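J.: Coordinates only, no sequence provided:
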């Protein structure tokens, strides 16, 4: 783990059944600070404005913050980001529990 992140994203394409492990740019961590910021950057770069929310081209991103899996109390949130069918804007949800630390420790 470099600093608070693993250095990799796991990209899963359900329509093709393809799973790919992609190395991340270390500058993204510095510029966008963790799961929510990086997810917003990925959505901005990879989802064009004309994509409908229920389209297969829309991304659904599960991410963990920089402090997940560390001894910091309360740092256990999983962020889920996509473009909302209700507003056609960025939708962001958080959930607690063990998913984010397990996701992070899985690499």
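T.: Ah, there it is. Everything quoted here is computed from the prediction, not taken from an experiment.

J.: From now on I want contacts and neighbour counts done on CA atoms only, so please keep to that.
T.: Will do.

J.: In the sheet, which strands lie alongside the helix or strand where residue 79 lies, parallel or antiparallel?
T.: Applying DSSP states H and E as the criterion places residue 79 in strand 78-83. Within its sheet, strand 78-83 is paired with strand 61-64 (antiparallel), strand 90-95 (antiparallel), according to DSSP bridges.

J.: most packed of those?
T.: Neighbour counts (mean count of other C-alpha atoms under 10 Å) averaged over each of those peak at strand 61-64, with a mean of 22.

J.: pLDDT (mean, whole number) over that strand?
T.: Average pLDDT, strand 61-64: 90.

J.: and the strands paired with strand 78-83 as TSV, adding distance to residue 101?
T.: Formatted as TSV, those follow (distance: least, C-alpha to C-alpha, whole Å):
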stretch	distance to residue 101
strand 61-64	7
strand 90-95	12
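
J.: So in terms of bridging, what pairs with the most centrally placed residue in the chain?
T.: The centroid of the chain falls nearest to residue 63 when counting by C-alpha atoms, centre = their mean (3.4 Å). Counting by DSSP bridges, residue 63 is bridged to residue 79.
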